[in-house]
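> I'd like to go over a predicted model; first the sequence, then the structure.
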Amino acid sequence: MTNAGGNRKALYIVGGVLLVVVLAAVSYVFFQKSPTASSSSATYTTQVKGAVVTAGKAAPATVDIYEDFLCPICGRFESKNGADIRQAIADGKIQVRYHPVAILNRATNPTGYSTRAANAAICAADAGKYAGYHDKLFAEQPEENSAGLTDQELVAKGTELGLTGSFSSCVTGHKHSAAVDAATAAAAKDTSLRAEGKGFGTPTVLVNGKRVDWSDSDWLTAVTK
């Protein structure tokens with residue numbers, strides 16, 4: 001009986017030590033990652049012209065980003081680069097011209113989500129909250145061949161960010177939809193936006209007017225160093 005009790009006590013001690021080690025490891029990882037989490041909160045001012053949302057002030061480098069809010073690759077691009085791009089804008093290292101386009105309108109049922117999402121994003125820019133709304137649309141991105149999000153759901157996502165007033169009527173009235181469709185058609189015809197041997201696709205990234213390989217993990221570092 002004494003040996004059994006001693007064994008149980010030893011197990012309790014070992015278990016307690018392991019728990020302390022695990023908690024310490026988790027705490028270490030959390031605090032190591034916390035600077036990155038805080039940097040992702042960086043925001044920026046915006047100006048709207050047509051279907052282009054310019055983020056940040058004039059800077060040494062101008063970055064153009066063409067993206068479709070339904071495009072899953074665009075979602076991955078934002079997940080990987082979004083926080084660093086926001087920080088570079090806030091630091092005055094780059095100015096970004098966002099081009100929300102609609103090349104995947106036929107990939108939802110009913111069709112047209114890409115245009116409606118782009119319109120809603122520009123409506124958010126009108127209200128001074130493009131950064132948060134842009135990120136939310138990608139973080140909660142619907143799948144291709146789904147119904148997408150309704151206008152009411154797009155409005156609700158803005159309401160969660162504090163968007164009120166004319167934002168709702170801007171979204172439901174499709175204020176910027178014609179501009180988005182015109183900009184999409186223009187981008188599709190612009191040969192400078194095409195990858196070699198391919199048509200226009202998203203995401204497409206330009207730095208100072210020249211296409212860059214955004215799949216290169218160092219592309220932004222090369223721009224901001």
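Thanks, I have the structure now.
> Under the pLDDT cut-off, which ranges of the protein? List them.
Applying pLDDT under 70 to the chain flags residues 1-42.
> Identify each of the strands in it and give its residue range.
Here the chain has its strands, by DSSP state E, at 46-49, 52-55, 61-67, 94-100, 204-207, 210-211.
> Can I get the ones you listed in JSON lines including distance to D218 and mean neighbour count?
Every residue, glycine included, has its C-beta placed from N, CA and C. Formatted as JSON lines, the strands of the chain follow (distance: least, CB to CB, whole Å; neighbours: other CB atoms under 10 Å):
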{"stretch": "strand 46-49", "distance to D218": "27", "mean neighbour count": "15"}
{"stretch": "strand 52-55", "distance to D218": "22", "mean neighbour count": "21"}
{"stretch": "strand 61-67", "distance to D218": "14", "mean neighbour count": "21"}
{"stretch": "strand 94-100", "distance to D218": "15", "mean neighbour count": "23"}
{"stretch": "strand 204-207", "distance to D218": "12", "mean neighbour count": "20"}
{"stretch": "strand 210-211", "distance to D218": "16", "mean neighbour count": "12"}
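> want to try a markdown table for the ones you listed, with distance to G165 as columns?
Formatted as a markdown table, these follow (distance: least, CB to CB, whole Å):
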| stretch | distance to G165 |
| --- | --- |
| strand 46-49 | 16 |
| strand 52-55 | 19 |
| strand 61-67 | 26 |
| strand 94-100 | 21 |
| strand 204-207 | 33 |
| strand 210-211 | 38 |
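> Looking at the ones you listed, which is nearest to Q141?
strand 61-67 (11.0 Å; CB to CB).
> Show me what that closest one is packed against.
The contact analysis (3 or more CB pairs under 8 Å, 6 or more residues apart in numbering; DSSP states H and E) places strand 61-67 against helix 72-90, strand 94-100, strand 204-207, helix 219-224.
> Was I right to think R116 contacts L154?
Yes: using CB atoms under 8 Å, R116 is in contact with L154, at 6.6 Å.
> what residues are shared contacts of the two?
In terms of CB atoms under 8 Å, 6 or more residues apart in numbering, R116 and L154 are both contacted by the residues V171.
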